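> quick one, fold the following:
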Amino acid sequence: MNHAATRPDDRPPPLPGRVLMAQDWRDLAFLHWAVDPDRVRPLLPPGVAPDVLHGRTYVGLVPFTMVGAGPGRDRPVPWLGTFLETNVRLYSVDRRGRPGVVFRSLDCDRLAVVLGARSGFGTPYRWARMRHDVLPHALGVRHHWASQVRWPRAGAAGARTRIDLVVGDRREPTELDVFLTARWALHTQVAGRPLHIRNSHAPWPLHDVTLLDLDDHVVAAAGLPGVTDREPDHLAFSPGVHTRFAFPSP
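Below is the predicted model:
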């Protein structure tokens, strides 16, 4: 069964309960490909279905920098709380109609973060060699990301990506921008138990993007071969937002 997303704007509902952790997400690129919902349905955990907009769902490739992550309300952990990350994500809705994202892979360059997140939240973090360069360009500011998975290697053969783009002017969010960025939750499961983890942040400031180069094998390693062989259907860049997470709930 497909669910149609109903998101009137890009502002989150109030965060329930105490704050589990807080962090900044900075210098994010959003690259998305439209796919048939049936393509991703087998890749979602029990209890959630593909979230759709105009009959299509999306596969996202999102590189960014995590800054100042830490427990509770705005208590950043030095060094360990700042790292590079690139994730492959799908768009989901549960039986209660709550939209969210499902991560197929999350690559970062902090092994301790990988081990903690895999055990505590059931999220498929992997340790990777990563770099992010910010460079001048005639069209604006150029961002270059590159990563190669180091561990675990099982199921991640050839899992590498290279993204090169130039950031353009600020834009007003489109309907698709809001669908893809105003999610407010993670759907996951730990020991077979489904979990819903809420987050809250200000509306995303979004910019146009000129894609210079993309050589991606991470999405294929996440169970979606061939998706990134064509140009993305959606591109955006954001300087980032400050984010807070609630404790998991069923």
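
> and the longest strand for this structure?
Ordering each strand of the chain by length in residues (DSSP state E) puts strand 19-35 first.

> what are the pairing partners of that strand, and which direction each?
Sheet pairing for strand 19-35, assigned by DSSP bridges, gives strand 57-71 (antiparallel), strand 234-246 (antiparallel).

> all helices of this protein, in order?
For the chain, the helices defined by DSSP state H cover 37-40, 111-121, 175-181, 218-221.

> out of the ones you listed, which one sits most buried?
Burial of the helices of the chain is given as mean neighbour count (mean count of other C-beta atoms under 10 Å); helix 218-221 ranks first at a mean of 22. C-beta coordinates here come from the backbone N, C-alpha and C atoms, glycine included.

> name the residues that touch that one?
Applying C-beta atoms under 8 Å, 6 or more residues apart in numbering, the set of residues contacting helix 218-221 from outside is 33, 59, 61, 86, 88, 105, 107, 147, 149, 155-161, 226-228.

> generate a PyMOL selection restricted to the buried subset of those residues.
Listed next is the PyMOL selection for buried residues among the contacts of helix 218-221, using 16 or more other C-beta atoms under 10 Å:
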select buried, resi 33+59+61+86+88+105+107+147+149+156+159+160+161+227+228
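
> from the contacts of helix 218-221, which ones fall inside strands?
The members of these that map onto strands under DSSP E are 33, 59, 61, 86, 88, 105, 107, 147, 149, 160-161.

> determine which two of those are furthest apart.
Trp33 and Val149 (20.4 Å; C-beta to C-beta).

> quick one: Trp25 and Glu231, what's the gap?
Per C-beta to C-beta, to the nearest Å, Trp25 is found 25 Å from Glu231.

> repeat that for Pro14.
38 Å.

> comparing the two, which shows the higher neighbour count?
More crowded of Pro14 and Glu231, by other C-beta atoms under 10 Å: Glu231, with 10 against 7.

> how many residues are close by Ala34?
By the other C-beta under 10 Å criterion, the neighbourhood of Ala34 contains 16 residues.

> and if you look at the one 10 residues further on?
If you count neighbours by other C-beta under 10 Å, Leu44 ends up with 21.

> ok, Gly17 next?
If you count neighbours by other C-beta under 10 Å, Gly17 ends up with 9.

> list the contacts of it.
246-247.

> heads up, I number from 564, so please use that
Sure, I'll start numbering at 564, so the last one becomes Gly580.

> pLDDT at it, what is it?
The model reports Gly580 with a pLDDT of 87.

> now the one 4 residues further on
According to the predicted model, the pLDDT of Met584 comes to 95.

> state the distance from it to Val676.
Counting by C-beta to C-beta, the gap from Met584 to Val676 is 12 Å.

> which ones are touching the nearest residue to Asp740 once chain neighbours are set aside?
The shortest distance from Asp740 to any non-neighbouring residue, by C-beta to C-beta, 6 or more residues apart in numbering, is to Leu769 (5.7 Å). Going by C-beta under 8 Å, 6+ apart, Leu769 touches 733-734, 736, 740, 744, 799-801.

> of those, closest to Phe684?
Distances from Phe684 to these, taken by C-beta to C-beta, are shortest for Thr744, at 20.9 Å.

> so that closest one touches Trp588, yeah?
No: if you go by C-beta atoms under 8 Å, Thr744 and Trp588 don't touch, sitting 10.7 Å apart.

> now distance to Gly755 and pLDDT too, for the ones in strands among the contacts of helix 781-784, in a markdown table please.
Below are the ones in strands among the contacts of helix 781-784 laid out as a markdown table (distance: C-beta to C-beta, whole Å; pLDDT from 0 to 100):
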| residue | distance to Gly755 | pLDDT |
| --- | --- | --- |
| Trp596 | 30 | 98 |
| Val622 | 25 | 98 |
| Leu624 | 28 | 98 |
| Thr649 | 27 | 98 |
| Val651 | 22 | 98 |
| Ser668 | 20 | 96 |
| Asp670 | 25 | 97 |
| Ser710 | 30 | 97 |
| Val712 | 26 | 96 |
| Arg723 | 31 | 96 |
| Thr724 | 31 | 98 |
